[in-house]
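A.B. asks: pasting a predicted model and its sequence here:
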Amino acid sequence: MTGSLLFTTMEEDREFDLEDYTGAVARWCPGCGDHAVLTAVQRLLESEQLAPEQTMFVSGIGCASRFPHYLHTYGFHGIHGRALPVATGIKLHRPDLRVFVVMGDGDCCSIGAAHWIHAIRYNVDMVALMLDNQVYGLTKNQTSPTSPKGYPSNTQPQGAYLPPLNPLSVTLGVTNASFVAQTADWVPAHLFATLQAAYRHRGFSFVRVLQRCPQYTVEIFQQAVRDPSKVELLVHPNGIVVPELDQLYQRKTPHDPSDLDTARRLADDEGAFRLGLFYRNPTLPRYEETRRPTTIAADQRVALLNAELDRYAL
Amino acid sequence: MEPTTITLPEHTLEVVSDAGEGAQKCGQIFGTVCARMGNGIWTVEIIPAEIQPPPRTLGSASGNRIRVGTQPVTNWGDATNLVVAFNEQVLLARHRLDALAPDAVILIENMWASHPDETVRQAWETAMAELGTRSYRVIGVPMEEQCLSVTDEPRLGKNMFVLGMLIHLYSRDLDLARQLVVHQFRKKSQEVRDTNVALLELGHRWAGENLAFRLEVPASKPERAMVVMNGNQALALGAVAAGMELCAMYPITPATSVSHYLGAIFEKFGGVVHQAEDEIAACGVAIGASYAGKVAFTVTSGPGLALKTEFIGLAGMTEIPLVVMDVQRGGPSTGLPTKVEQSDLLAAVFGQPGDTPKIVLAPATIEECFHSPTTARRLAEAFRCPVIILSDANLATGQQPFPRPTLDVRWQAPPIDLGPAPEGVRPYEWDPASGLSHRFLPGQPGGMHTVTGLSHDEASKVAHTPDVHQRGSAMRSRKLAVFQQMLAPPSVYGPPSGDLLIVGWGSTKGAIEEAVDRARREGLAASSLHLRFLSPLEPGLSEIFGRFGKVITVEINYSDEPDDPFITEENRRRGQLCWLLRAQTLVDVDCWTRVPGEPLRPGRILQAIRASVGQRNGEKTR
Ligand SMILES: Cc1ncc(C[n+]2csc(CCOP(=O)(O)OP(=O)(O)O)c2C)c(N)n1
């Protein structure tokens, strides 16, 4: 009894343009990488012609998690770190909805880390965007698990004490990882192509978006923004294919996204800003399909329950 | 010699063994035989803290305690009248817990007295000496020796021998017992079934030849069709009856078995048990599913309720229907994982930072456990708020017959239709007369908006202005007031006025009412009142309280004793319902609470009533 069946005819007649997806005016700082991601997402929705009511953005708390408000789809702006369980619940009931999850690095890799690990394993069909500015933005400059060692924040003014957690390595290390990619807010063509591949993948698509924070972490990304030679593209016909970037980005590593071992090796090596598709496996089981219940009519449920009560009868 | 048969209105017996020796099975089957014959019963599991505790130790006692009556039995009663023990250590454990009546009959495996190992013999001697300080009547039973005539593994067969013995002793139907034993081993080989039936018959014969007495608790066949189950089975089946489709949970005693019962059958009903990575996620999945239009709940115990706190607040703020079952155990922290307590009341009502109006209800019987998911679901959907069901370990594992529920197909109705959102209606367009607004579901054309846990206006837009937050808070609170006005005042058990009113909630109802009955037979003017709704509180309480000289709550949670060191009227920490009632009614409600890790005994409550009425009468004459 899900909605999509009821409304297919309406969808067929409709055509959506960018306006149809536009929500409130984004209130991120000027220069924030989140704006670029929002633009790319809106383009994706338009190019895939997703019906706004069939599209769902779920987020946690943080600057990045403001995302759903700026779209005219269904949105769920929940609590810090817990977007993934909510999205999983939604998908369990409405696998027909197109679900996107937007998280910050604190959201995903710190407070929500347990959910992140398990969401990878559930492999529910959704796109999970981790907007990684390597700092806690909303709460004003605290160290994130992904902050580079030595990064001075308000909680660790002497510089971050620990080496950063590597979200790609972690994701690739989890059983059932089915789609792992990295892109950057300042390479819009790559960002868009990555989102499109993630959306088209059936399974849990984890995308880490390197995202500039104009307030706190500009420096971290500045080198790579200015100097394309700091960026390395993973290239392959089955990967993220962006011909218009061929000229600009000379450093390229051919990588077959079905090769998990190499994906892990490339993810572990943090020598470059590596953009592209690390791994994709569309054959892995998806939890919402494994657990898809059959619909049982109300009177039949009552009959079955009566039979069950017989077992307890005196 | 024909044994003398003693007829009794009720009797409490227990079977205790080392964990793994099957005393629980034996007790369960015995209870079922009694229930089938038409007796009232209340059974309680005796559970060791560890899965495989070392045998013959105080910690290894495992078994089942059955209170059998001619009338329906509403609680576990006081002390045990008859114990069958497989060794003296588990018996000693029960003795030290003060579980046995001073004149209890003890039937005990006597092989330990002449055991080849001297330390065992010594342990037996020491234990028997300690037990000898009471006037128990001890009867040695050569269980192992007898069983060896039927099986090479007497340790595994003793429980059926004991069952046979009890069937004879309590003048029960041997045929019925035989059927149940065969059913119990239906998945095993014919040989296993035959052996167990032979053991049953052997025990029966042995008792006939060796015991000089028989007991009879007459049964009366009830007119109505009855079922017998424990509270967690009732919650699980009740969830199905309520039309629930998703149970999101993380294992925690004593709540887990709800999901076990459900897991075994739910898929047939098109349901899903989702075992999440933790309680937080379980709550999030339930909220996500409910937001999407599924009928979902989450089930947990105290520590898990604590973890769900923030999400429950989110459900309140976003007005997403959410049913949370909390099968309470002893706390704080890991506390007493397998034992009963009623310590989550205030956490349930007030647990969220910020104001989260919600409905909290507490079933008082196993039958009410069955119906509580239906009530909770309807209220959660009607008022779009969190609804918490507070059950506890006593209800969870206690077994009690009750009239077979009549199911209603309307309980299965889907929550809401998926038609397009009504035009021009905003997501939180609260009706000031009810606090209610229209529920939107994702997928509905025309209804796109973002729900948010931030303070929001009628259009679900984040707003930090003072009037918006004031109004949103008022609207969420108003729903509760509207619901409270729909409730009827609770009825008083016993005369509507008197010297003392006991107020209880949850699983203590049977014990409280039994104590009140006994008090009245002693001439004390005591009545009781049992609350089903703890948030909002049921109406009319101040008026009812005013008709009694004194009001006290009886609860299984901690309160300071008035005469404890340092305790004054001002600093005394009271029972949890007591706090609520004092705050709500401004009546000087007192409390009598205990945290023994076991259900309250009616006899103890009676003592508290006597003390309380006596104190009051003392005050009156002074
Ligand atoms: C339970 C809880 N703990 C802490 C916070 C405070 N908090 C809000 S957002 C945030 C971190 C934001 O960082 P990140 O997730 O990286 O997102 P960003 O703002 O950088 O996009 C924190 C600690 C909260 N809202 N809830």
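C.D. replies: Alright, I've got the coordinates. Residues are numbered from 1 along each chain as shown, chains lettered A, B, ... in the order given.
A.B. asks: could you use CA atoms for every contact and neighbour count after this?
C.D. replies: Fine.
A.B. asks: burial measure for B:Ala433, as a count.
C.D. replies: By the criterion of other C-alpha atoms under 10 Å in any protein chain shown, B:Ala433 has 10 neighbours.
A.B. asks: no no, B:Gly40
C.D. replies: Around B:Gly40 there are 26 residues (other C-alpha under 10 Å).
A.B. asks: separation between it and B:Gln400?
C.D. replies: 8 Å (C-alpha to C-alpha, to the nearest Å).
A.B. asks: got the contact list for the helix or strand encompassing B:Leu314?
C.D. replies: Per DSSP states H and E, B:Leu314 falls inside helix B:302-318. By C-alpha atoms under 8 Å, 6 or more residues apart in numbering or on different chains, the residues outside helix B:302-318 that reach it are A:78-79, B:252, B:279-280, B:283-284, B:287, B:321-322, B:326-329, B:331, B:333-334, B:344, B:347-348, B:351-353, B:356-358, B:384-386, B:451-455, B:476.
A.B. asks: mind checking which of the residues you listed are in strands?
C.D. replies: Judged by DSSP state E, the subset of these located in strands is B:322, B:326-328, B:386, B:451-452.
A.B. asks: turn those into TSV, including distance to chain A, pLDDT and neighbour count.
C.D. replies: Formatted as TSV, the ones in strands among the contacts of helix B:302-318 follow (distance: C-alpha to the nearest C-alpha, whole Å; pLDDT from 0 to 100; neighbours: other C-alpha atoms under 10 Å in any protein chain shown):
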residue	distance to chain A	pLDDT	neighbour count
B:Leu322	12	98	32
B:Asp326	20	98	26
B:Val327	21	98	31
B:Gln328	24	98	32
B:Pro386	16	98	30
B:Val451	5	98	27
B:Thr452	5	98	26
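A.B. asks: show me which pair in those is furthest apart.
C.D. replies: Greatest spacing in those, by C-alpha to C-alpha: B:Gln328 and B:Val451 (31.6 Å).
A.B. asks: and the residue of the stretch 151-300 of chain A that's closest to the ligand?
C.D. replies: A:Cys213 (7.9 Å; C-alpha to the nearest ligand atom).
A.B. asks: count the neighbours of that residue for me.
C.D. replies: Other residues lying near A:Cys213 total 25 when counted by other C-alpha under 10 Å.
A.B. asks: tell me the contacts of it?
C.D. replies: A:Cys213 makes contact with A:31-33, A:133, A:137 under the criterion C-alpha under 8 Å, 6+ apart.
A.B. asks: which residues of the stretch 101-250 of chain A fall in strands?
C.D. replies: Taking DSSP state E, counting those that start in this stretch, the strands of the stretch 101-250 of chain A run over residues A:126-132, A:135-136, A:142-143, A:179-184, A:204-210, A:231-235.
A.B. asks: quick one, the fifth one and strand A:126-132 angle?
C.D. replies: The directions of strand A:204-210 and strand A:126-132 differ by 20 degrees, with axes from the mean of the first three to the mean of the last three C-alpha atoms, to 10 degrees as the criterion.
A.B. asks: pull the contacting residues for A:Phe16.
C.D. replies: Contact analysis of A:Phe16 by C-alpha under 8 Å, 6+ apart lists A:46, A:49-51.
A.B. asks: dump these to a markdown table, plus distance to B:Gly263, pLDDT and secondary structure.
C.D. replies: A markdown table is the format used below for the contacts of A:Phe16 (distance: C-alpha to C-alpha, whole Å; pLDDT from 0 to 100; DSSP: H, G, I helix; E, B strand; the rest coil):
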| residue | distance to B:Gly263 | pLDDT | secondary structure |
| --- | --- | --- | --- |
| A:Glu46 | 42 | 98 | helix |
| A:Gln49 | 40 | 98 | coil |
| A:Leu50 | 36 | 98 | coil |
| A:Ala51 | 36 | 97 | coil |
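A.B. asks: hmm, back to that, cross-check the contacts of helix B:302-318 against the ligand and keep the overlap.
C.D. replies: Taking C-alpha under 6 Å from any ligand atom as the test, the ligand is in contact with none of the contacts of helix B:302-318.
A.B. asks: and those, which are buried?
C.D. replies: With burial judged by 16 or more other C-alpha atoms under 10 Å in any protein chain shown, the buried subset of the contacts of helix B:302-318 is A:78-79, B:252, B:279-280, B:283-284, B:287, B:321-322, B:326-329, B:331, B:344, B:348, B:351-352, B:356-358, B:384-386, B:451-455, B:476.
A.B. asks: where do the contact lists of B:Gly40 and B:Gln400 overlap?
C.D. replies: Common neighbours of B:Gly40 and B:Gln400 (C-alpha under 8 Å, 6+ apart) are B:Val73.
A.B. asks: was I right to think B:Arg601 contacts B:Gly77?
C.D. replies: Yes - look at B:Arg601 against B:Gly77 with C-alpha atoms under 8 Å: they come within range, at 5.6 Å.
A.B. asks: check contacts around B:Leu436.
C.D. replies: Here B:Leu436 is in contact with B:383-384, B:429-430, B:475, B:479 (criterion: C-alpha under 8 Å, 6+ apart).
A.B. asks: repeat that with 6 Å
C.D. replies: Neighbouring residues of B:Leu436 by C-alpha atoms under 6 Å, 6 or more residues apart in numbering or on different chains: B:Trp430.
A.B. asks: which helix or strand contains it?
C.D. replies: When the helices and strands are read off by DSSP H and E, none of them contains B:Leu436.
A.B. asks: give me phi/psi at residue 149?
C.D. replies: Since you didn't name a chain, this refers to chain A. A:Lys149 adopts backbone torsions of phi -60, psi 130, taken as degrees, to the nearest 10.
A.B. asks: I was thinking of chain B, sorry if that wasn't clear
C.D. replies: Main-chain torsions, B:Ser149, degrees, to the nearest 10: phi -70, psi -10.
A.B. asks: swap in B:Arg178?
C.D. replies: In terms of degrees, to the nearest 10, the main-chain angles of B:Arg178 are phi -60, psi -50.
A.B. asks: state the pLDDT value of it.
C.D. replies: We have a pLDDT of 97 for B:Arg178.
A.B. asks: please report how far it lies from chain A.
C.D. replies: Distance from B:Arg178 to chain A, counting by C-alpha to the nearest C-alpha, to the nearest Å: 16 Å.
A.B. asks: hmm, back to that, quick check on the contacts of A:Cys213: which are buried?
C.D. replies: A:32-33, A:133, A:137.
A.B. asks: quickly check those for the two that are furthest apart.
C.D. replies: Taking C-alpha to C-alpha, no two of the buried ones among the contacts of A:Cys213 sit farther apart than A:Gly33 and A:Gly137, at 11.8 Å.
A.B. asks: what's the nearest residue to B:Gln399 if we skip its chain neighbours?
C.D. replies: Nearest residue to B:Gln399, sequence neighbours excluded (C-alpha to C-alpha, 6 or more residues apart in numbering or on different chains): B:Asn230, at 4.2 Å.
A.B. asks: how many other residues sit next to that neighbour?
C.D. replies: 23.
A.B. asks: how much space is there between it and B:Thr365?
C.D. replies: Computed as C-alpha to C-alpha, the B:Asn230 to B:Thr365 distance reads 10 Å.
A.B. asks: can you check B:Asp590 too?
C.D. replies: Remark: distance between B:Asp590 and B:Thr365 (C-alpha to C-alpha) = 24 Å.
A.B. asks: of these two, who's got more company?
C.D. replies: Set side by side, B:Asp590 and B:Thr365 show more neighbours around B:Thr365, with 24 against 21, by other C-alpha under 10 Å.
A.B. asks: ok, and the closest non-adjacent residue to that one?
C.D. replies: Leaving aside its sequence neighbours, B:Thr365 sits nearest to B:Ser507 (C-alpha to C-alpha, 6+ apart; 6.2 Å).
A.B. asks: need phi/psi at that neighbour.
C.D. replies: Note on B:Ser507: its backbone torsions stand at phi -70, psi -10 [degrees, to the nearest 10].
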